[in-house]
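>>> Pasting a predicted model and its sequence here:
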Amino acid sequence: MNRLKNINLFLFDMDGTLYLGDRLYDFTKELLTTIKEQGKSYMYMTNNSSKSVKDYIKKLERLGIKANEEEFITSSQATTYYLKNKYPNETIYVCGTQSLKDEFIKEGFTLTEKVDDTTLIVMGNDTELTFKKLHDVCKILLTKENIKYVATNLDVVCPTEFGSVPDCGSFCDMIYNCTGRRPELVGKPEPIMPQLAMEKMNCTKDQTAVIGDRIYTDVKSGLNAGVLSILVMSGETTEEILNKSEDKPDLVLKDCGEITKALRD
Ligand SMILES: [Mg+2]
């Protein structure tokens, strides 16, 4: 727990970590206030590419938390950052929501809805998915040479108040079944989001922690980025899942309330 005191940048997963669905956890407000009081920083780090940062700010406001754009790292932002560095001059077919497309347009990318013009496909958590888009993506991957294919995240399911609905990883599985192609991945468990956050906030690995409730995305992205990786048991991970997992977090906490206690001790 001593390592927590040296952390200056806390990168929080949201659902299952700070709230569950539409219910804010009791400890969250005090946690965020304590981090700020101690002159430290936090950011919200989410794999969900269906919502824009503005949507998240509205959601947090509804839950009683004031947030601003600079406090977010999303897989959509990380994807534009990744493409700018690796594939800056492509014509992109985005299989994603309008808000994901807007993020790309804002960053100056060329988008297309035409199969023939596409040189790169981005797959997101497309909550506006249609069969036409699946058809187009298959056609592009199967008929065009040297097509680049990138996914914002590979979460298989997305939690809702009644259980799960499919997320980007499930869409990518459908495409794999038809084309045999797997995408390059940007979101958690890749280290790109924590790396982008450290760059933005000017923090080192030793000063940074990733905190989340899911091992195969949150914890693994922290381990891959070489920062303190913390699992909280307030979301989807059970003792059984933890024991079976090959990826071991640096710290396991009941919930984020324990971070407040450690910082105040
Ligand atoms: Mg979560």
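Right, received. Where do you want to start?

>>> Up against the ion, what does the stretch 101-250 of the chain have?
Counting by Cβ under 5 Å from the ion, the stretch 101-250 of the chain comes close to the ion at Asp213. C-beta here means a position set from N, CA and C on the backbone, and glycine is covered the same way.

>>> of all of the stretch 101-250 of the chain, which residue lies closest to the ion?
Proximity of the stretch 101-250 of the chain to the ion (Cβ to the ion) peaks at Asp213, 4.5 Å away.

>>> how near is the residue lying closest to that residue once chain neighbours are set aside to Pro159?
In this structure, Asp213 finds its nearest non-sequential neighbour in Gly235, 2.6 Å apart by Cβ to Cβ, 6 or more residues apart in numbering. From Gly235 across to Pro159, the span is 8 Å (Cβ to Cβ, to the nearest Å).

>>> for Met193, same thing?
Using Cβ to Cβ, one gets 19 Å for the distance from Met193 to Pro159.

>>> okay, those two: which has more neighbours?
Just comparing Met193 and Pro159: by other Cβ atoms under 10 Å the higher neighbour count belongs to Met193, 29 against 18.

>>> need the contact list for the more buried one.
With contacts defined as Cβ atoms under 8 Å, 6 or more residues apart in numbering, Met193 is in contact with Leu11, Met45, Ile73, Ser75, Ala78, Val186, Gly187, Ser221.

>>> What of Glu184?
Applying Cβ under 8 Å, 6+ apart to Glu184 gives the contacts Lys148, Tyr149, Val150, Ala151.

>>> swap in Tyr216?
Counting by Cβ under 8 Å, 6+ apart, Tyr216 has contacts Pro189, Ser245, Asp247.

>>> What segments of the stretch 151-265 of the chain are helices?
According to DSSP state H, counting those that start in this stretch, the stretch 151-265 of the chain carries its helices in the segments 168-179, 192-201, 220-225, 239-244, 257-264.

>>> what number of residues lie near the closest residue to Ala209 other than its chain neighbours?
Closest residue to Ala209 apart from its sequence neighbours, by Cβ to Cβ, 6+ apart: Leu228 at 4.0 Å. By the criterion of other Cβ under 10 Å, Leu228 has 23 neighbours.

>>> How much space separates Leu228 from Leu4?
According to Cβ to Cβ, Leu228 stands 8 Å off from Leu4.

>>> got the contact list for the closest residue to Leu129 other than its chain neighbours?
The spatially closest residue to Leu129, leaving aside those adjacent along the chain, is Phe171, at 6.7 Å (Cβ to Cβ, 6+ apart). When contacts are counted by Cβ under 8 Å, 6+ apart, Phe171 touches Cys95, Met123, Asn125, Asp126, Leu129, Leu134.

>>> Likewise for Lys54?
Shown in contact with Lys54 (Cβ under 8 Å, 6+ apart): Glu69.

>>> tell me which element it falls in.
Using DSSP states H and E, the element containing Lys54 is helix 53-62.

>>> Next SSE downstream of that helix?
Following helix 53-62 in sequence, per DSSP H and E, is strand 72-74.

>>> which residues are contacting that next one?
Contact with strand 72-74 is made by 11, 43-46, 48-49, 51, 53, 56, 193, 196-197, 200, as judged by Cβ under 8 Å, 6+ apart.

>>> Just the angle for the helix or strand sitting right after that strand along the chain relative to helix 168-179, thanks.
Downstream of strand 72-74, the next assigned helix or strand under DSSP H and E is helix 75-86. Here helix 75-86 points in a direction 50 degrees away from that of helix 168-179 (axes from the mean of the first three to the mean of the last three Cα atoms, to 10 degrees).
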